[in-house]
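predicted coordinates and the sequence they were generated for:
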Amino acid sequence: MTAYIIRRLLILPIMLLGITMIIFSMIWMLGPERLIGAYIKSPEALRSNDAQERLIRKYGLDQPFYVQYGKWLGNLLQGDLGYSNVGRTAVTKAIGSRLPYTAELAIYSIIPVVVVGIWLGVIAGARHNTFWDHGIRIFAIIGWSLPDYVFGLLVLLVFYSFLGWFPPGYLSESSMAVLRSDEWRTVTKFATIDSLINGRLDIFVDAFRHLIAPIITISYLWWAFILRITRSSMLEVLRKDYVRTARAKGLPEKVVINKHVRRNAMIPVATVSGGMIVQLFAGTVIVETVFARPGLGKFTADAAVQLDYFSIIGSALFFSFILIVANLVVDISYALIDPRIRLK
Amino acid sequence: MAMKTETRRVLRKLFRNPTSLLGIFLLSFFVAIAIFAPLLAPVEEGRDNPFRMPIAKDENGRMIWKSAPFPPSPTHRFGVIGKYDVWYGVIWGTRSAFRIGLIVSLISSAIGIVIGSIAGYFGGWLDEILMRITDMFMSIPFIVAAMIMTTILGKGLDKVTIALIIFGWMQVARLIRGNILQAKEEQYVLAGKALGVNDFVIIVKHLLPNTIFPVIVQISMRMGALVITSAALSFLGVGAEPGYADWGTILSYARNYMMELDRSWFAIVYPGTAMVLFVLAWNLVGDALRDIFDPKMRV
C-alpha cells in the first residue's frame, strides 16, 4: 500500500513536468514573430523599424528550445505566467479572480448530477428490461448524444426567450451594483452564499435564478454518463452469488436491492466520479460561454478567440494540474477503500 | 478464418438488434445527404469551393447583406442567419462532419495502434515511457487541448483535424496495449516466437487481428464525440473559418443573438437536430457493437 502511494507520488512531479513540456512546445511552435505579440502591451512599443527584432532578442525568443523552456519554467515556478490581455492583469491573478464563479457553478451542479444520476441508474438496473429501464435508457442515450452547447442554447431558447424564467449572465444589473457598493461584504466570493451573509435574500434569488439554466444543462449531460455506469454496475452485481443467497433466504426485494446490491454497485461509480468532476470543470469552457457567465471557462474561450496566448496556456496548465492531482487523490483514496486494488 | 466468422456474427447481430438497426438507418440517411449534397443544395456556377457558404439571396435575387436573422421562407426553408442560408450549411456541413470524423478517427487510431502495440509487445522501460507520455497527453482536458492547438495552428477545418489527431490517439493506444499484454502470453504467439518469426510479423499478422475489434467499437463511439468537439471549436470561434459550411459555425451565428434567440431559433434547431441525430447514430451502432463484443454479454 505504502509502496503504491510512494510510487504514485514519485511519478507526480514527472507528470507535471511532462505537461509543462507539452504545453510549452505548443507555444514554441508559434515562432518568435507571432509570440512576441503576447509580450507587447501597447502599439507604441513597435514604433521603430527594428523594434520587433529588438524585442525578440530582449525576451530571448531567438534562443534554443531548452533555454527558453528553462526560463519559462523558472517563471512558472515563481507564479509568473505573463500578462493576460483578456484579463488586463497578470495571468495568475486573472485565473484566481475567475475561479470562484466556476467553482460555484461546478459545486452546485455536482449535487443533482450525482444524486439523480445514481437514482435513475439504480431504478434502471433493478428493473432490468422493463418499461422503466427502456425509458431511462432512451433518456440517457439522448443526453449522451446532445452536444452541451446545442442543449444549452435550447435551454436558453425555451427558458429565457420564450418563458423568461432564467436569464443568461451572472447577476442582473441591479444586483451587480449592490455587489460593487461599499457596504457589500465579500466573504466566499460565491454570490449565493455572500448574499445570505449580507442578509440580501433578493440577491440570493437573483444569483440562483442565473444558476439554474447552466445547472440543468450540465446535469442532463452528466446524468446520461452516471446512470449508464450505475446501471451496468447494478446488473453485474445482481448476477453475483451473494445476491442469489440473499433472495433465497427470503429477504424482501427492496432489502436485497438497497442493502446488498446498491452498495456494492457504487464502487465503480465512485471511481469515475472523481474524473467526472474534473471533466465537468473543463466543460465549463462551453457552458459558461453559452450562458455568458464570467468564469474560468469563458475566460479560456475568450482568450482563445482573441489569441491571448499567455492566458490560454495559463488556463490549460491550471486545468491539467487539477486533473492530475484529482486523479491522484481519487486513485489513492480508492486504494484505501478497496483492498483488491493494492495487490496490483 | 476466425475473423471471417466473427465478422459475419457481428453483422448478423447488428442487423437484428432494433436499436443498432435504427443507428444504421440514420447513418445511411446521413451518407445519402453527404453524397447528394450538390443536388440538395446546389452550388452556384463559378464557385470552386462548395464549402464556402454563398451569401443568401432574397426572393428578388438580391443578395442579403444584413446579418440579422431571417425566418424560414419558401426560398430559404431553414432560414438565413449571418447572411448565410442555414439549409445550405446543414447539408454541406454533413460532408464536413463525415470528413473530420473519419479522418481524425482513422489517423489517430492508427497512431494509437502503433504506440499501443509497441508498448504492449516489447514491455519493460519502453512500455513505461510510452505509457507515461500517453498519461501526460491525457492529463490535458480534450476540449482545452484542442482549443490551444487550433489557436496556435490557426483557423480552418484542416487545422482542427490536426489538433484533434494530436490529442486523440491515447485511448486507442491504451486499449491496444492492454489487449496485446493479454494476448502475447497465448500459445500461438509463444509458438511463433519459438519458431523465430519476426516480431513485426507476430504483431501485425497474429496479435492485431485478435485485438482489433474493440478498437472498432472505440472508433464508432468516438466519431460522435469528435464531431461534437470540432463543431464546438467552430462554435467558440476558433475552428472553421467564418462562412464555412459547418454545423458549429451556424450555431455560432445563433450565439450572436443570444438575448433574442426566439428570432434565430432555426439556426439552433436545424443544425442542432442534425448533430444530435448524427451523434446518436454512431452511439447506437457503437453501443450495439460493444454489447456484441463484450464477452460478459455472451451467454
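That came in fine, so what should we check first?

the longest helix seen in chain B: what's the following helix or strand?
If each helix of chain B is counted by residues according to DSSP state H, the longest one is helix B:86-122. Downstream of helix B:86-122, the next assigned helix or strand under DSSP states H and E is helix B:124-138.

and the longest helix of chain B, what other elements does it pack with?
Using 3 or more Cβ pairs under 8 Å, 6 or more residues apart in numbering or on different chains; DSSP states H and E, the elements in contact with helix B:86-122 are helix B:18-35, helix B:37-40, helix B:124-138, helix B:157-166, helix B:170-183, helix B:213-236, helix B:247-255, helix B:266-293. C-betas here are computed from N, CA, C, even on glycine.

dump those to a markdown table, plus mean neighbour count, distance to A:Val122 and mean pLDDT.
Output for the helices and strands packed on helix B:86-122, formatted as a markdown table (neighbours: other Cβ atoms under 10 Å in any protein chain shown; distance: least, Cβ to Cβ, whole Å; pLDDT from 0 to 100):
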| stretch | mean neighbour count | distance to A:Val122 | mean pLDDT |
| --- | --- | --- | --- |
| helix B:18-35 | 16 | 22 | 88 |
| helix B:37-40 | 14 | 45 | 80 |
| helix B:124-138 | 15 | 30 | 90 |
| helix B:157-166 | 21 | 36 | 91 |
| helix B:170-183 | 21 | 28 | 88 |
| helix B:213-236 | 23 | 24 | 87 |
| helix B:247-255 | 27 | 35 | 86 |
| helix B:266-293 | 22 | 20 | 86 |
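
show me the contacts for B:Ile118.
Listed by Cβ atoms under 8 Å, 6 or more residues apart in numbering or on different chains, the contact set of B:Ile118 reads B:126, B:130.

and it, how close does it get to A:Phe190?
48 Å (Cβ to Cβ, to the nearest Å).

rewinding a little: tell me what angle the longest helix of chain B forms with helix B:157-166.
Helix B:86-122 and helix B:157-166 are oriented at 30 degrees to each other (axes from the mean of the first three to the mean of the last three Cα atoms, to 10 degrees).

any idea of the mean pLDDT for helix B:86-122?
For helix B:86-122, mean pLDDT rounds to 90.

which parts of that helix are buried?
B:86-101, B:103-105, B:107-109, B:111-113, B:115-121 (16 or more other Cβ atoms under 10 Å in any protein chain shown).

low-scoring stretches of chain A, by residue?
The model of chain A has pLDDT under 70 over residues A:40-49, A:337-344.

okay, now A:Phe159: neighbour count?
17 (other Cβ atoms under 10 Å in any protein chain shown).

go ahead and confirm it touches A:His210.
No: using Cβ atoms under 8 Å, A:Phe159 makes no contact with A:His210, being 11.4 Å away.

mutual contacts of those two, please.
A:Phe166.

about what we covered before: same list (the helices and strands packed on helix B:86-122) but as TSV, adding distance to chain A.
As requested, these are exported to TSV (distance: least, Cβ to the nearest Cβ, whole Å):
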stretch	distance to chain A
helix B:18-35	8
helix B:37-40	22
helix B:124-138	4
helix B:157-166	9
helix B:170-183	12
helix B:213-236	4
helix B:247-255	6
helix B:266-293	4
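
and the residue nearest to B:Ala288 when sequence neighbours are not counted, how far is that from B:Lys13?
Spatial nearest neighbour of B:Ala288, excluding adjacent residues (Cβ to Cβ, 6 or more residues apart in numbering or on different chains): B:Ser20 at 3.2 Å. According to Cβ to Cβ, B:Ser20 and B:Lys13 sit 8 Å apart.

shared neighbours, the two?
B:Ala288.

quick one: contacts for the closest residue to chain A within chain B?
Nearest to chain A, among the residues of chain B, is B:Pro141, at 3.4 Å (Cβ to the nearest Cβ). Taking Cβ under 8 Å, 6+ apart, we find B:Pro141 in contact with A:278-279, A:282, A:319-320, A:323.

chain B contacts on the stretch 1-150 of chain A?
Within the stretch 1-150 of chain A, the positions adjacent to chain B are A:11, A:14-15, A:18-19, A:22-23, A:26-27, A:29-30, A:141-142, A:144-150 by Cβ under 8 Å from any Cβ of the partner chain.

taking chain A, what residue is nearest to chain B?
Counting by Cβ to the nearest Cβ, chain A gets nearest chain B through A:Ala282, at 3.4 Å.

and that residue, how many neighbours?
Other residues near A:Ala282 come to 23 when the count uses other Cβ under 10 Å.

show me the contacts for it.
A:Ala282 sits in contact with A:297, A:319, A:323, B:141-144, where contact means Cβ under 8 Å, 6+ apart.

which stretches in the stretch 151-300 of chain A count as helices?
Using DSSP state H, counting those that start in this stretch, the helices of the stretch 151-300 of chain A run over A:173-180, A:191-197, A:201-238, A:241-248, A:253-255, A:262-282, A:284-290, A:296-305.

to A:Asn327, which of these lies closest?
Nearest to A:Asn327 among the helices of the stretch 151-300 of chain A is helix A:262-282 (6.5 Å), distances taken as Cβ to Cβ.

buried set for the closest one?
Residues of helix A:262-282 classed as buried: A:262, A:264-266, A:269, A:271-274, A:276-282 (neighbour count, 16+ other Cβ under 10 Å).

can you list the domains in chain A?
A:2-89, A:91-170+A:212-343 (automatic domain parsing).

ranking those domains by burial, who's on top?
Ranked by mean neighbour count under mean count of other Cβ atoms under 10 Å in any protein chain shown, the domains of chain A are led by domain A:91-170+A:212-343, which reaches a mean of 19.

so what's the gap between it and the chain middle?
Centroid displacement of domain A:91-170+A:212-343 relative to its chain, using Cα atoms, centre = their mean, to the nearest Å, is 10 Å.

can you map out the strands along chain A?
A:83-84, A:89-90 (DSSP state E).

and these as JSON lines, adding distance to A:Arg98?
Shown next, in JSON lines, are the strands of chain A (distance: least, Cβ to Cβ, whole Å):
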{"stretch": "strand A:83-84", "distance to A:Arg98": "10"}
{"stretch": "strand A:89-90", "distance to A:Arg98": "11"}
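
out of the ones you listed, nearest to A:Pro252?
Between these, strand A:83-84 lies closest to A:Pro252; by Cβ to Cβ that is 60.4 Å.

packing partners for that closest one?
Right, strand A:83-84 is packed against strand A:89-90, helix A:91-126, helix A:309-337 by 3+ Cβ pairs under 8 Å, 6+ apart.

tell me how far it lies from the chain's centre.
For strand A:83-84, the distance to the chain centre is 22 Å (Cα atoms, centre = their mean).

show me what that strand is in contact with.
Looking at what lies outside strand A:83-84 - Cβ under 8 Å, 6+ apart - the contacts are A:38-39, A:41, A:89-91, A:94, A:303, A:308, A:310-311, A:314.
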